[in-house]
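Undergrad: could you look at this predicted model? Sequence included:
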Amino acid sequence: MAKIVAGIGSSHVPSFGPAYDGRKFEDPDWKPLFDGYVPVREWLRDTVRPDVAVVVYNDHGSDFSLDRVPTFAIGVRDIYEQADEGFGTRPLPPVKGDADLSWHIAKAVIYDEFDLTVCQEMKVDHGMMAPLPLLFSHDPDWAVRVVPIVVNVIQHPLPTARRCFRLGQAIGRAVASYPEDLKVVVVGTGGMSHQLHGERFGHLSETFDRRWLDLIARDPEELCRMTHEEIMAAAGAESVELIMWLVMRGALAGGAVERKHLNYYAPMTTGMGLISLAAA
Amino acid sequence: MAKIVAGIGSSHVPSFGPAYDGRKFEDPDWKPLFDGYVPVREWLRDTVRPDVAVVVYNDHGSDFSLDRVPTFAIGVRDIYEQADEGFGTRPLPPVKGDADLSWHIAKAVIYDEFDLTVCQEMKVDHGMMAPLPLLFSHDPDWAVRVVPIVVNVIQHPLPTARRCFRLGQAIGRAVASYPEDLKVVVVGTGGMSHQLHGERFGHLSETFDRRWLDLIARDPEELCRMTHEEIMAAAGAESVELIMWLVMRGALAGGAVERKHLNYYAPMTTGMGLISLAAA
Amino acid sequence: MDEKKDGPQAGLSDWGIPGTYIFDHTRSRVGFELNKLAYSLTDPQNREAFKKDEEAYMARYGLTEAQKDAIRRRDWLALTKHHGGNIYYIYKLGAATGSGLYHMGAQMRGETYEQFLETRGAKGAR
Amino acid sequence: MDEKKDGPQAGLSDWGIPGTYIFDHTRSRVGFELNKLAYSLTDPQNREAFKKDEEAYMARYGLTEAQKDAIRRRDWLALTKHHGGNIYYIYKLGAATGSGLYHMGAQMRGETYEQFLETRGAKGAR
Ligand SMILES: [Fe+3]
Ligand SMILES: [Fe+3]
């Protein structure tokens, strides 16, 4: 049977891309970010050894337009190309999917009363690609297969924080009912505090971010009670994408969790957080 | 406050289109169908007098492709053009929408944990257009504004019958919270028994259809317990779109209902059913 | 019909309803390009292009040779049973090739059009 | 900033967070064609066409004159505050016109790029 063995929360800041591709690992302004990922990447590679990563992210107007905005979508492909976000694409191999597992999850979760949009065509943007190479090796090919879960955090009304947590719980049940022996890690991406528009551009809140990093492990119920307004007022309009971490947390909710790693750095306009949780 | 005043269940057989446009009202093979709609149309026009119709239908590969299949979608436009289903379009005015009410419903229902896909671009096919002119006058323009709700009944996994009923309940709550004084009718379309592929093409079941017409008014809970397999085995693979009638029934579920009209006719390959329910 | 002898192809699901090929993910995956081609025929210009040169039109989509062949033979049963065609999409291929739904259905049943109509109650309602 | 004097336009919602214009349905409706234009710039050929002749490119979309004018002026604040632009879409317009996100942000804050960088902790991480 498939089993969820770990959860990761990670920012997906676009600037990770050029910094990573430009190998700025020792650049003093980037080192605090990249150093934080090293123990998590090694832990995943050497201890957790997942076969599949369920990656919860949002598209940023790269592959999904505003014509039709799904609240929740799932990719059901065996391969995902990168979306062109306006600058061309990055020198990374295409993401490997797991169509069989994706369809299994789609079926289980839809029958469990979550109203997914099922995508046989889909490209992935920095929401997935910013953190993915920091977490998993990709040379010559990706070390994990990916099941992408896409959440609308762009056009309000967004799903509630609690609904995201519940989607995670449903994904947890779906994975547990998959007959193949697979180790699955769930990655919730986005945030932390940031605002990218208006006179309030650049707003940060380390206080909020630290509180989130504490509660996501210890008391996700308190985060589920937060409204979009509360999150946006405290941590910036675009920080609301943090609700995607609750999908990850919900997927782990069946058992106890242990926090393994924590990193936080806020050099420019986004709180860059990283947390890893082991399923007990 | 807006109020749901009536519910309609109606087949949406494509051949209604050419028969209606060709004015075959007195053709002996069509008369039993068209005659059934007359009292319902008059009741709606003279007694119910709705401002808005929430029309629950499915797209048949006309405007939605299989690239991305939403389980539930809502149109949020002020106007909906007809989709070209392979033969051009019918001589009918474009459907009038109500973007304000649509967005209100989208917001209320998403916050109520239904994961809609919100469509600012959308064309409508025979799923809506087959019954619409049989129910509402359109000369020179439509007598009602429409809020379209699109359900995936094409690519399994489909939403469960119970989930459809619950979506209807959520739509009912959403309409009841709209501040404008509007009378709203909900139209569930599709079915009844039919199968359009395989060696079993043409399968009909008047027994199943009559039972459905009875239970949809009297005991929708029993219909909510039906699986897709049960419905398809009894009434044909394509009859499963009848689950869309449960969205309509759910929207009425708050109060008692009274069955006003009933018609049934099965001349060719589809059970053509019509029912009207008044909210008490 | 002999389900044992000519049931769903390997990899396609069997929901246990005779003569019925439920359009689930197994068929949607196999038929993705086929249904995409059929969907494209909702555009009148594409219909003209298809009618003018079916082979060239089919070459624009990644169909298998067996799918192309079933289109050439207007084999509606094979398209929905073996090749992942969804009837609502395949119907657009019928329209573009001059086959009405009831002609398609008679063929899927293994009957002539006239034989099929004899099984209906009010044949005029079509 | 004076929210009273220059708050959201009529019809656009105010969520009560200063200097913040939440992208909800009121903005998505107003900005639909604007964001569609910006989205089209994910295609390299469209980027070239836009760079070659902005006016001709804009004419292909149903923008209002005020929206076109805000694009001409590279007025990122007006685009997101008054014209329904979503920042992730508008960012593609920035890319195509050579404005990086931090330049756009400085302008939205009413600062020079250098002033804005002075407010950051580790300016090299960009
Ligand atoms: Fe993001
Ligand atoms: Fe239908």
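TA: Happy to help now that I have it. Ligands and ions are numbered 1, 2, ... in the order given.

Undergrad: A:Ala217 and A:Val257 touch, don't they?
TA: Yes - using Cβ atoms under 8 Å, A:Ala217 is in contact with A:Val257, at 6.3 Å. C-beta: built from backbone N, CA, C; applies to glycine.

Undergrad: anything in contact with each of the two?
TA: With contacts taken as Cβ atoms under 8 Å, 6 or more residues apart in numbering or on different chains, A:Ala217 and A:Val257 have A:Leu277 as neighbours in common.

Undergrad: secondary structure element holding the nearest residue to C:Gly100 once chain neighbours are set aside?
TA: Spatially, and ignoring its direct neighbours in sequence, C:Gly100 is nearest to C:Gly94 (6.9 Å; Cβ to Cβ, 6 or more residues apart in numbering or on different chains). If you go by DSSP states H and E, C:Gly94 is part of helix C:87-96.

Undergrad: what packs against that helix?
TA: Packing contacts for helix C:87-96, counted by 3 or more Cβ pairs under 8 Å, 6 or more residues apart in numbering or on different chains; DSSP states H and E, involve helix C:32-40, helix C:44-52, helix C:76-81, helix C:101-109.

Undergrad: go again with 10 Å.
TA: Contacts defined by 3 or more Cβ pairs under 10 Å, 6 or more residues apart in numbering or on different chains; DSSP states H and E place helix C:87-96 against helix C:32-40, helix C:44-52, helix C:54-59, helix C:65-72, helix C:76-81, helix C:101-109.

Undergrad: so which of these is the most surrounded?
TA: Each of the helices and strands packed on helix C:87-96 was assessed for mean neighbour count using mean count of other Cβ atoms under 10 Å in any protein chain shown. The highest is helix C:76-81, with a mean of 25.

Undergrad: near chain B at all, that helix?
TA: Yes - Helix C:76-81 lies within reach of chain B by Cβ under 10 Å from any Cβ of the partner chain, at C:Trp76, C:Leu77, C:Leu79, C:Thr80, C:Lys81.

Undergrad: hang on, isn't the last one packed against C:Phe23?
TA: No - counting by Cβ atoms under 10 Å, C:Lys81 sits too far from C:Phe23 to count as a contact (11.1 Å).

Undergrad: between the two, which contacts overlap?
TA: Residues touching both C:Lys81 and C:Phe23 by Cβ atoms under 10 Å, 6 or more residues apart in numbering or on different chains: B:His197.

Undergrad: re earlier: contacting residues around the residue nearest to C:Gly100?
TA: Going by Cβ under 10 Å, 6+ apart, C:Gly94 touches B:86, C:38, C:41, C:74, C:76, C:79, C:87, C:100-101, C:103-105, C:107.

Undergrad: for C:Leu41, see how far away it is.
TA: 10 Å (Cβ to Cβ, to the nearest Å).

Undergrad: A:Leu158 now?
TA: Here the criterion is Cβ to Cβ. By it, A:Leu158 lies 37 Å from C:Leu41.

Undergrad: between these two, tell me which one has more neighbours.
TA: More crowded of A:Leu158 and C:Leu41, by other Cβ atoms under 10 Å in any protein chain shown: C:Leu41, with 25 against 22.

Undergrad: and that one, what's its pLDDT?
TA: If you check C:Leu41, the pLDDT there is 98.

Undergrad: contacting residues for it?
TA: Shown in contact with C:Leu41 (Cβ under 10 Å, 6+ apart): B:61, B:84-86, C:47, C:49-51, C:57, C:89, C:91-97.

Undergrad: now it: closest residue in space that isn't a chain neighbour?
TA: The spatially closest residue to C:Leu41, leaving aside those adjacent along the chain, is C:Lys92, at 4.3 Å (Cβ to Cβ, 6+ apart).

Undergrad: quick one, phi/psi of A:Pro91?
TA: A:Pro91 has phi and psi values of phi -80, psi 70 when expressed as degrees, to the nearest 10.

Undergrad: ok, now which ones touch the closest residue in space to it that isn't next to it in sequence?
TA: Excluding its sequence neighbours, the residue lying closest to A:Pro91 (Cβ to Cβ, 6+ apart) is A:Asp21, at 6.2 Å. When contacts are counted by Cβ under 10 Å, 6+ apart, A:Asp21 touches A:Arg90, A:Pro91, A:Leu92, A:Pro133.

Undergrad: highest neighbour count among those?
TA: A:Pro133 (20 neighbours).

Undergrad: please, where are all the helices along the stretch 1-150 of chain A?
TA: Assigned by DSSP state H, counting those that start in this stretch, the stretch 1-150 of chain A shows helices spanning A:16-21, A:31-43, A:99-111, A:126-129, A:132-135.

Undergrad: mean neighbour count, these: which tops it?
TA: helix A:126-129 (a mean of 26).

Undergrad: what's it in contact with?
TA: By Cβ under 10 Å, 6+ apart, the residues outside helix A:126-129 that reach it are A:12-17, A:20, A:53, A:55-60, A:62-63, A:75, A:80, A:82-83, A:85, A:89-90, A:92, A:95, A:132, A:146, A:148-151, A:153, A:187, A:189-190, A:241, A:244, D:88.

Undergrad: how far off centre is that helix?
TA: 8 Å (Cα atoms, centre = their mean, to the nearest Å).

Undergrad: quick one: average pLDDT of it?
TA: Here the average pLDDT along helix A:126-129 is 98.

Undergrad: likewise for stretch A:206-216?
TA: Stretch A:206-216 comes out with an average pLDDT of 98.

Undergrad: in that stretch, what's buried?
TA: Neighbour-count burial for stretch A:206-216, counted by 16 or more other Cβ atoms under 10 Å in any protein chain shown, picks out A:Phe208, A:Asp209, A:Trp212, A:Leu213, A:Leu215, A:Ile216.
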